[in-house]
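Colleague: need a structure here:
(one chain, ligands or ions: 1)
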Amino acid sequence: MKKKLIFPLLLLVCIAPEVWADSFERDRNAMVRSQIRARGIRDHATLEAMRSVPRHLYVPAAQMRFAYHDRPLPIGYGQTISQPYIVAYMTEIIRPKPDHKVLEIGTGSGYQAAILAEIIDQVYTIEIIRPLGDQARRKLEAQYNNVHVKIADGYYGWEEHAPFDAIVVTAAAEYIPPPLVEQLKAGGRMIIPVGSPFQMQHLMLVEKKEDGEITTRSLMPVRFVPFDRAD
Ligand code: SAH
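Modeller: Just a heads-up that it's a prediction; the model follows:
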């Protein structure tokens with residue numbers, strides 16, 4: 001090979017991964033600007049987490065190039081990773097604080113758990129499909145020491161670690177599971193899609209007041225994969 005060619009070729013090999021990484025970072029910043037900030041998400045910690053977590057590493061390789069698009073994506077086993085805006089919305093609405101303890105039901109890809117782990121000290125997440133849970137656990141444990149993954153039916157919550165300051169449910173239940181309401185701290189917030197797979201689902205905000213009173217509010221129509229039950 002001509003000497004003249006070797007140097008540019010070497011340079012290309014060295015900088016290619018950098019260029020690749022940078023292009024995802026650009027996509028991520030654009031996603032936060034055009035899909036998330038533009039739609040009204042203002043919580044600083046949520047925006048920062050959405051800018052930091054490499055969403056492309058939480059989707060199957062074949063979906064990587066769509067990772068920052070404005071839509072949910074398939075993650076295998078008939079499940080999906082939510083649209084970025086919905087992840088940000090559900091994060092902001094629970095008013096996450098560093099000293100909180102949060103429970104997520106439906107680990108799936110692990111992406112929502114990673115966003116929560118960027119902000120909150122203790123993240124507990126439950127997945128019902130073992131291979132998905134195991135895969136998410138490997139990714140999350142490589143990156144965070146504040147995320148705990150359990151394979152189980154999330155209907156029952158995670159009693160040993162209750163009560164939680166917040167609960168994020170990422171699969172649509174026909175009704176709000178009573179054990180989850182039970183495990184919510186007084187003053188805590190739960191966000192959960194409610195409705196059957198064949199009907200309109202609504203994202204509901206459940207609040208437990210300091211005196212234990214429960215209030216629920218419907219926030220917006222959504223479409224989530226169904227909440228499964230182990231039986
Ligand atoms: N939060 C996920 C979204 C995954 S989709 C992410 O960021 O990728 C919802 C997930 O909920 C699916 O993986 C599904 O298997 C899981 N799920 C459904 N019913 C469940 C249940 N009863 N307990 C725990 N996980 C459940």
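
Colleague: When you work out contacts or count neighbours from here on, use the C-alpha atoms and nothing else.
Modeller: OK.

Colleague: what about stretch 35-46, start to end distance?
Modeller: End-to-end distance for stretch 35-46, by CA to CA, to the nearest Å: 13 Å.

Colleague: Distance from the chain centre to it, please.
Modeller: Distance, stretch centre to chain centre, for stretch 35-46: 15 Å (CA atoms, centre = their mean, to the nearest Å).

Colleague: now do stretch 91-106
Modeller: Computed by CA atoms, centre = their mean, the separation of stretch 91-106 from the middle of its chain amounts to 10 Å.

Colleague: Can you show me the CA trace of that stretch as PDB?
Modeller: What follows is stretch 91-106, C-alpha atoms only, in PDB (Å, rounded to 0.1, in the frame of the first residue of the first chain):
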ATOM      1  CA  THR A  91     -40.300  10.300  35.300                       C
ATOM      2  CA  GLU A  92     -41.200  13.900  35.700                       C
ATOM      3  CA  ILE A  93     -44.700  13.300  37.100                       C
ATOM      4  CA  ILE A  94     -43.500  11.300  40.100                       C
ATOM      5  CA  ARG A  95     -41.300  14.300  41.100                       C
ATOM      6  CA  PRO A  96     -38.100  12.200  41.500                       C
ATOM      7  CA  LYS A  97     -35.600  13.200  44.300                       C
ATOM      8  CA  PRO A  98     -32.200  11.700  44.900                       C
ATOM      9  CA  ASP A  99     -33.100  10.400  48.400                       C
ATOM     10  CA  HIS A 100     -36.200   8.600  47.100                       C
ATOM     11  CA  LYS A 101     -36.900   4.800  46.800                       C
ATOM     12  CA  VAL A 102     -38.800   3.900  43.700                       C
ATOM     13  CA  LEU A 103     -40.500   0.800  42.400                       C
ATOM     14  CA  GLU A 104     -40.900   0.100  38.700                       C
ATOM     15  CA  ILE A 105     -43.200  -2.700  37.400                       C
ATOM     16  CA  GLY A 106     -42.200  -3.900  34.000                       C
END
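
Colleague: low pLDDT regions in the protein?
Modeller: Applying pLDDT under 70 to the chain picks out residues 1-3, 5, 7-21.
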